[in-house]
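J.: Sequence first, then the predicted structure, then my questions.
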Amino acid sequence: MDRKAIDLTLVRKALAKHNDLKELVDAIRKYEAASSVLAELSDVIVALDAIAEIQTNAMARSKFSGSLMVDAVVTYCRATHSKGAARGHIGATKRYTTAQMEKHRRIVDLRDKVFAHQGFPSEEHGLRWLDERAVVKLVGGDGILSFNRTRANYLAAAVEDLRELVAIAAATAKSLSEERGMSVHEVHLKHADDPRVMEAIRASPFDPYDFFGPGQDADEFWDIAHGKRGEILRNSDR
């Protein structure tokens, strides 16, 4: 069976200089943004699942819960709150209720004022994560300085909030990704005969074996069974 794949990210970059093709360039970029956010929200779910899985192992909980918590919160905020120019804001939180937006605000406060920066948290989660005290111990007339620190391994209330929020945000991102994927197809049809578009497509093949490396991930890339989404989300050691 003849098969080939086109790297639309490379196509977008090749066509970006043509102002009259902005509609196609923007359609690809918007699809990339929604799909990227969906991938990151999937990573959040993986981190939250891992926190739950290690709770019965005291050593693993002590070693890894904190790192998983930071990863889940920072990645969630990257996907739903960050307005970085490289991807843009897709509105993954637009279906949140007022109460859920309050939970979202607590998570953002934890990220902004505790995890990403040493700030002054004002919300419940941020206030509970870390407490540090400089203390002088007076023993037998001698004064000894000590620094005392208590830090949570994870915050059950924050995990519960994230579970609720990420389910809704991921569903929104999935819907947007599908809608924007259809838009890419529709806009491409309008420009399919443009020589610049044809050349950009010709010059932008996608080789899954080069991208993923040889193995199951690359093999499964070509699985186009009915109803199967085309994304492969892989974390490598490189």
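T.: That came through, no problem. Numbering: from 1, shown residues only.
J.: mind listing the strands for the chain?
T.: Using DSSP state E, the strands found in the chain span residues 130-139, 142-151.
J.: To Thr97, which of those lies closest?
T.: strand 130-139 (29.4 Å; Cβ to Cβ). All C-beta spots, glycine's among them, are computed from the backbone N, C-alpha and C.
J.: who touches that closest one?
T.: 114, 143-152 (Cβ atoms under 8 Å, 6 or more residues apart in numbering).
J.: need the strands of the chain in a markdown table with mean neighbour count, distance to Leu15 and mean pLDDT, can you?
T.: Compiled in a markdown table, these are given as follows (neighbours: other Cβ atoms under 10 Å; distance: least, Cβ to Cβ, whole Å; pLDDT from 0 to 100):
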| stretch | mean neighbour count | distance to Leu15 | mean pLDDT |
| --- | --- | --- | --- |
| strand 130-139 | 9 | 48 | 93 |
| strand 142-151 | 9 | 49 | 93 |
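J.: Please produce TSV containing those, extended by distance to Ala34.
T.: What follows is these, written out as TSV (distance: least, Cβ to Cβ, whole Å):
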stretch	distance to Ala34
strand 130-139	34
strand 142-151	35
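J.: Select, out of those strands, the one closest to Pro121.
T.: The minimum distance between Pro121 and these falls on strand 130-139, with 8.7 Å, by Cβ to Cβ.
J.: ok so, going back, just name the closest of the contacts of strand 130-139 to Ser35, please.
T.: Of those, the one sitting nearest to Ser35 (Cβ to Cβ) turns out to be Val114, at 29.5 Å.
J.: residues near the closest one, how many?
T.: Look at Val114: counted by other Cβ atoms under 10 Å, it has 22 neighbours.
J.: Pull up the gap between it and Ile45, please.
T.: Per Cβ to Cβ, to the nearest Å, Val114 is found 22 Å from Ile45.
J.: Also Leu165?
T.: Taking Cβ to Cβ as the measure, Leu165 falls 11 Å from Ile45.
J.: helices or strands next to the lengthiest helix in the chain in the packing?
T.: Criterion DSSP state H: the longest helix present in the chain is helix 156-191. Packed against helix 156-191 by the contact rule (3 or more Cβ pairs under 8 Å, 6 or more residues apart in numbering; DSSP states H and E) you find helix 22-53, helix 58-80, helix 98-110, helix 124-129.
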